[in-house]
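Participant: coords below, sequence missing:
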Ligand SMILES: Nc1ncnc2c1ncn2[C@@H]1O[C@H](COP(=O)(O)OP(=O)(O)OP(=O)(O)O)[C@@H](O)[C@H]1O
């Protein structure tokens with residue numbers, strides 16, 4: 001049984017604006033799933049439907065094997081959703097916030113203590129337990145917000161841009177915590193993000209959404225394989241030689257594009273495996289100093305731009 005199974009989901013707003021257009025998707029239980037798309041692609045509309053805030057116009061959604069429309073209560077009690085704005089109470093301490101949340105879900109004293117301890121450990125919050133939330137940084141508040149949403153023992157956690165605005169360190173510690181939620185608690189995580197690096201590092205599966213349609217869904221590794229990009233990178237010894245080498249490389253009939261980044265030349269060829277040896281021999285024959293030559297994988301950024309079709313727009 002999948003955690004989510006969505007078929008031909010369509011949402012047309014009252015002003016006839018179509019936000020989801022026969023959108024299909026499946027999310028496996030226990031995975032971290034990232035939804036990526038430009039502004040207006042339909043991400044928020046989709047999360048709002050999945051978390052029962054919005055009714056779809058057409059299509060079916062099954063969550064944990066149950067039809068969304070006829071099982072709202074079951075679904076609400078098995079999911080949690082953390083929006084971009086934090087919903088912690090600044091006037092209470094961290095522990096009081098968690099207890100308050102546990103109280104809302106009707107947890108008994110023992111269960112409340114056990115769950116609070118478990119989440120404080122996973123989210124690395126023990127140093128702040130008795131601190132008033134107003135004194136905590138934005139990153140810690142965000143961690144607390146997600147920990148609070150986990151007090152209800154949800155099976156699926158929806159996160160809208162969980163690391164937006166965070167510095168690199170806080171973002172990386174959030175990734176570690178989300179991975180722990182997955183591995184230690186077995187929770188399925190469905191998140192939206194604009195950060196491709198985040199989707200790459202964190203997710204088991206990525207879906208690109210555009211104009212309310214599922215453009216492609218696969219693992220980060222397979223998405224990289226699918227792309228037709230064949231890139232070879234040469235690192236020159238001296239940055240002054242890069243332009244000269246670029247001119248020479250462009251004379252090769254299988255070289256389609258060369259871009260320069262400091263001492264590196266990124267060369268697009270027809271077939272990276274096939275042309276690597278020839279290019280290596282050729283560069284050596286020029287006697288221009290270089291430090292290394294390697295076949296490079298495309299970044300998810302490149303794949304995203306290719307798939308979404310925004311390169312050069
Ligand atoms: N309440 C609404 N009424 C009418 N149109 C809406 C409404 N909410 C969203 N839309 C439109 O539906 C489309 C999808 O919007 P949505 O907010 O779901 O996209 P998004 O991918 O979440 O974008 P962002 O990253 O900017 O939040 C957009 O064209 C948007 O203008």
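Facilitator: Received the coordinates, thanks. Note that this is a predicted model, so its numbers are computed, not measured.

Participant: just so I have it, where are all the strands in the stretch 51-200 of the chain?
Facilitator: Per DSSP state E, counting those that start in this stretch, the stretch 51-200 of the chain carries strands over the ranges 58-63, 66-67, 79-82, 156-160, 188-193.

Participant: Which residues does the shortest one contact?
Facilitator: The set of residues that contact strand 66-67 without belonging to it, under C-beta atoms under 8 Å, 6 or more residues apart in numbering, is 60, 61, 74, 75. (Each C-beta comes from the backbone N, C-alpha and C, glycine too.)

Participant: For the nearest residue to the third one once chain neighbours are set aside, give its distance to residue 72.
Facilitator: So that's residue 74. Take residue 74 and drop its neighbours on the chain: the residue closest to it by C-beta to C-beta, 6 or more residues apart in numbering is residue 66, 5.7 Å away. Separation of residue 66 from residue 72 (C-beta to C-beta, to the nearest Å): 10 Å.

Participant: When the two are compared, which one has more neighbours?
Facilitator: Each of residue 66 and residue 72 had its neighbours counted (other C-beta atoms under 10 Å), and the higher figure belongs to residue 66 (15 against 12).

Participant: That one pairs with what?
Facilitator: residue 63 (DSSP bridges).

Participant: if I look at it, how far off is residue 184?
Facilitator: As judged by C-beta to C-beta, residue 66 and residue 184 stand 25 Å apart.

Participant: Which residue ranges of the stretch 1-150 of the chain form helices?
Facilitator: Ranges of helices in the stretch 1-150 of the chain, per DSSP state H, counting those that start in this stretch, are 43-50, 72-76, 94-104, 109-122, 138-149.

Participant: Mind listing what's buried along the last one?
Facilitator: To tie it back to what came earlier, the one meant is helix 138-149. By neighbour count with 16 or more other C-beta atoms under 10 Å, helix 138-149 contains the buried residues 139, 140, 141, 142, 143, 144, 145, 146, 147, 148, 149.

Participant: Apart from its chain neighbours, what residue comes closest to the fifth one?
Facilitator: The reference is to residue 143. Closest to residue 143 by C-beta to C-beta, 6+ apart is residue 123, at 4.7 Å.

Participant: State the pLDDT value of that neighbour.
Facilitator: For residue 123, the pLDDT comes out at 93.

Participant: What about it, how many residues nearby?
Facilitator: 25.

Participant: what's the answer for the one 3 residues further on, then?
Facilitator: Burial of residue 126, expressed as a neighbour count using other C-beta under 10 Å, amounts to 10.

Participant: so what's the spatially closest residue to it that is not a sequence neighbour up against?
Facilitator: Nearest residue to residue 126 in three dimensions, chain neighbours excluded: residue 120, at 5.4 Å (C-beta to C-beta, 6+ apart). Listed by C-beta under 8 Å, 6+ apart, the contact set of residue 120 reads 98, 126, 129, 147.

Participant: Roughly how far does the first one sit from residue 147?
Facilitator: So that's residue 98. Using C-beta to C-beta, residue 98 is found at 7 Å from residue 147.

Participant: So for those two, which residues contact both of them?
Facilitator: Counting by C-beta under 8 Å, 6+ apart, the shared contacts of residue 98 and residue 147 are 119, 120.

Participant: In the chain, which residue is most central in space?
Facilitator: The centre of the chain sits closest to residue 199, judged by C-alpha atoms, centre = their mean, with a distance of 3.0 Å.

Participant: Find me the pLDDT at the residue nearest to that residue when sequence neighbours are not counted, would you?
Facilitator: Distance criterion C-beta to C-beta, 6+ apart; nearest residue to residue 199, sequence neighbours excluded, is residue 34 at 3.9 Å. For residue 34, the pLDDT comes out at 96.

Participant: Next: residue 290.
Facilitator: 94.

Participant: Contact partners for it?
Facilitator: Going by C-beta under 8 Å, 6+ apart, residue 290 touches 234, 235, 236, 237, 241, 245, 283.

Participant: The last one belongs to a strand, doesn't it?
Facilitator: No. Counting by DSSP: H, G, I helix; E, B strand; the rest coil, residue 283 is not found in a strand; it is helix.
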